[in-house]
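[1] only geometry, no sequence info:
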């Protein structure tokens, strides 16, 4: 797993030049990208969600586009449209921001349902349809969508079908006091998040990411761990506090994310701890807590932890 470990060390070091703290955010964004999955970032404004994605795209040398979602955003604003060229009397495709390697969808829950559906096709099929014609998206196409957990006025809650397309949901907390102090020191010393060219971010060679993804896919998994994953997934479907359990896609996502975690730790084999570490970010957006349990203050993360404790470890 030398390629994965080398890549992880480089990414953490380079992101540390710009993003203070938020180690879990850095690691899980990297792991999700290695597992070729999309990421839902939840946190209040101003805690470096956008900045982390922009820096990650620079490290990987990938194209980056950002979409600021509003209630009047149309599908064509995302995927693009065909416009008549008067000089040639032909329609030419003007590609939308979705034609990029890393797409940041800011406040995705403000996107109306019709536009959500257009984004959903790109996320699932890695292609979009414009005037009946299909267009492939870049090989490294990844969606990083953010949402504010506090402000729900004028929003359109994401349907379960779309939530299930995200590999992980990462909760981004406030930084610690010492990290905020370091942030202020950086600003005092001239750091400006709008001038990333001055940060001295070193991109990785083009072949590093492809080699790392190949090593992640090669991580070995014992048959007992497949059973362990399935038992966790199936237990969520009849858990008393849940009205909706995890889908088979959740099992596939859990396997892929756990394999990437193992590779980052330098192992070419999976262990139960990798699965237990991956369960929270992979499952928290795929289950629905019953209203009566929610009123009692029971959260999705608490239920997931209870489920994992209830499933016996493989021998």
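    It's in. Every value quoted in this text rests on a predicted model; they were computed, and no experiment measured them.
[2] List phi and psi for the residue nearest to residue 90 when sequence neighbours are not counted.
    Ranked by CB to CB, 6 or more residues apart in numbering and with sequence neighbours excluded, the top spatial neighbour of residue 90 is residue 84, at 7.6 Å. (C-beta placed from N, C-alpha, C; glycine too.) When quoted as degrees, to the nearest 10, the phi and psi of residue 84 stand at phi -70, psi 130.
[3] Next: the one 4 residues further on.
    Torsion angles at residue 88 (phi, psi; degrees, to the nearest 10) stand at phi -110, psi -10.
[4] And the pLDDT at the nearest residue to residue 315 once chain neighbours are set aside?
    Nearest non-adjacent residue to residue 315, counting by CB to CB, 6+ apart: residue 224, 6.9 Å away. pLDDT, residue 224: 95.
[5] And for the residue nearest to residue 90, the neighbour number?
    The number of residues packed near residue 84 is 10, by other CB atoms under 10 Å.
[6] hang on, it packs against residue 94?
    No - judged on CB atoms under 8 Å, residue 84 makes no contact with residue 94 at a distance of 10.9 Å.
[7] Any idea which residue is closest to the centre of this structure?
    residue 39 (1.2 Å; CA atoms, centre = their mean).
[8] In a strand, that residue, correct?
    Yes - Residue 39 sits within a strand when classified using DSSP: H, G, I helix; E, B strand; the rest coil.
[9] What separation is there between it and residue 294?
    25 Å (CB to CB, to the nearest Å).
[10] do the same with residue 69
    Residue 69 is 26 Å from residue 294, by CB to CB.
[11] Contacts for the host helix or strand of residue 25 next, please.
    Take DSSP states H and E as the rule and residue 25 turns out to sit in helix 23-34. With contact meaning CB atoms under 8 Å, 6 or more residues apart in numbering, helix 23-34 is reached by 4, 7-8, 11-12, 15-16, 19, 38-39, 41, 48-49, 52-53, 56, 60, 140, 142, 144, 167-168, 170, 172, 209, 212-213, 216, 257, 260-261, 263-264, 281.
[12] the strands in the chain, which residues?
    If DSSP state E is used as the criterion, the strands of the chain fall at 38-42, 64-68, 80-85, 90-95, 102-106, 127-130, 133-136, 142-147, 166-171, 242-244, 288-289.
[13] Of all the ones you listed, which one comes closest to residue 310?
    strand 242-244 (12.6 Å; CB to CB).
[14] Report the buried residues of the closest one.
    Neighbour counts over strand 242-244 (16 or more other CB atoms under 10 Å) mark residue 242 as buried.
[15] And that strand, what does it pack against?
    Contact here means 3 or more CB pairs under 8 Å, 6 or more residues apart in numbering; DSSP states H and E; on that basis strand 242-244 packs against strand 288-289.
[16] what about residue 102, distance to residue 162?
    19 Å.
[17] Ok, residue 202 next?
    From residue 202 to residue 162 the distance is 35 Å (CB to CB).
[18] Between the two, tell me which one has more neighbours.
    residue 162 (21 against 11).
[19] returning to that earlier point: can I get the strands of the chain in a markdown table including mean pLDDT and distance to residue 306?
    Shown next, in a markdown table, are these (pLDDT from 0 to 100; distance: least, CB to CB, whole Å):
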| stretch | mean pLDDT | distance to residue 306 |
| --- | --- | --- |
| strand 38-42 | 94 | 21 |
| strand 64-68 | 93 | 37 |
| strand 80-85 | 84 | 45 |
| strand 90-95 | 84 | 46 |
| strand 102-106 | 94 | 32 |
| strand 127-130 | 87 | 39 |
| strand 133-136 | 88 | 42 |
| strand 142-147 | 92 | 25 |
| strand 166-171 | 94 | 18 |
| strand 242-244 | 91 | 10 |
| strand 288-289 | 92 | 12 |
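[20] What about residue 248, how many residues nearby?
    10.
[21] so what's it up against?
    Going by CB under 8 Å, 6+ apart, the list of residues near residue 248 reads residue 233.
[22] repeat for residue 37
    Counting by CB under 8 Å, 6+ apart, the residues that residue 37 touches are 142, 166-168, 253, 256-257.
[23] Kindly report the same for residue 172.
    Residue 172 touches 22, 25, 41-43, 47-49, counting by CB under 8 Å, 6+ apart.
[24] try 7 Å this time
    22, 25, 41-43, 47, 49 (CB atoms under 7 Å, 6 or more residues apart in numbering).
[25] From residue 60, how far off is residue 2?
    18 Å.
[26] So which of those two has more stuff around it?
    residue 60 (22 against 10).
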